[in-house]
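>>> sequence unknown, structure follows:
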């Protein structure tokens, strides 16, 4: 028979299972731990004035994946510090909040935008939407103002702001100054942090 050719099922490659921990994927870092504050304080110390977390008992810090204590990870283009504790990995800023206040936070906002700065004065607990109101300016932004886009065809600036996943149109403006003022007024109205949209470290 002339036409399509078929490959016998016995010759098709087998369907491989998803990679395990020994493969390419790293398991999701847990948001909360199953240890107490007293357990935590037996194995690490934290200096609120410097943000430095150090370990003083190694035998409880089993780390099957051999990731160094205080290693740096990049999440959504931002750097954070990780801590291997009791056989699992945790974000340092979440562990610090639990260490100081005895409860696990919903979300932690680094006020200055630097995920490596874990001084206590630089950390605040927020919800998801509040956390979005203190973000650095996107690297692809070309106007220098978050939420402001230059429209070459009309030679003006379009301004938007996102609230609860909804984009709100703030009009078009003849100058970058007018556009920036419109955006800042909206940020103040909706309770954005004063550092939102600034240029900050990755």
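All right, it came through fine. Everything numeric here is computed off the predicted structure, so don't read it as measured data. Numbering: from 1, shown residues only.
>>> Who are the packing partners of the helix or strand bottoming out on mean pLDDT in the chain?
Taking mean pLDDT, DSSP states H and E as the measure, the chain has helix 128-131 as its least confident helix or strand, at a mean of 75. With contacts defined as 3 or more CB pairs under 8 Å, 6 or more residues apart in numbering; DSSP states H and E, helix 128-131 has these neighbours: strand 107-110. For glycine as for every other residue, the C-beta is placed from the backbone atoms N, C-alpha and C.
>>> Low-confidence stretches in the protein?
Across the chain, the ranges flagged by pLDDT under 70 are 1-30, 57-65, 76-77, 197-202.
>>> residue ranges for the strands of it, please.
Under the criterion DSSP state E, the chain contains strands at 44-47, 52-55, 71-75, 78-85, 88-91, 107-110, 123-126, 148-151, 156-163, 166-173.
>>> Which one, of those strands, ends up nearest to residue 192?
strand 156-163 (8.3 Å; CB to CB).
>>> quick one: strands adjacent to the closest one?
Counting by DSSP bridges, the strands paired with strand 156-163 are strand 148-151 (antiparallel), strand 166-173 (antiparallel).
>>> ok so, going back, how distant is the least confident helix or strand of the chain from the center of its chain?
11 Å (CA atoms, centre = their mean, to the nearest Å).
>>> ok, now stretch 172-192?
Relative to its parent chain, stretch 172-192 has a centroid offset of 25 Å by CA atoms, centre = their mean.
>>> Equivalent analysis for stretch 184-194, please.
With CA atoms, centre = their mean as the basis, stretch 184-194 stands 21 Å off its chain's centre.
>>> which other residues reach it?
Identification of contacts with stretch 184-194 by CB atoms under 8 Å, 6 or more residues apart in numbering yields 109, 111, 130, 133, 134, 159, 161, 163, 168, 170, 196, 197.
>>> domain assignment for this structure?
Each domain of the chain is listed here as a residue range: 28-131, 136-202, per automatic domain parsing.
>>> now those in JSON lines, with mean neighbour count?
Listed next are the domains of the chain as JSON lines, based on neighbours: other CB atoms under 10 Å:
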{"stretch": "domain 28-131", "mean neighbour count": "15"}
{"stretch": "domain 136-202", "mean neighbour count": "15"}
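>>> Next up, the contacts around residue 145.
Counting by CB under 8 Å, 6+ apart, residue 145 has contacts 137, 176, 179, 180, 183, 197.
>>> can you rerun that using 6 Å?
Counting by CB atoms under 6 Å, 6 or more residues apart in numbering, residue 145 makes contact with 180, 183.
>>> measure it to residue 183 for me?
Residue 145 is 6 Å from residue 183, where distance means CB to CB, to the nearest Å.
>>> cool, residue 44 as well?
With the distance defined as CB to CB, residue 44 ends up 42 Å from residue 183.
>>> cool, residue 97 as well?
Residue 97 is 31 Å from residue 183, by CB to CB.
>>> hmm, back to that, looking at the strands of the chain, which is closest to residue 32?
Going by CB to CB, the one of the strands of the chain nearest residue 32 is strand 88-91, 8.8 Å.
>>> Can you name every helix or strand that that closest one contacts?
Counting contacts by 3 or more CB pairs under 6 Å, 6 or more residues apart in numbering; DSSP states H and E, strand 88-91 packs against strand 78-85.
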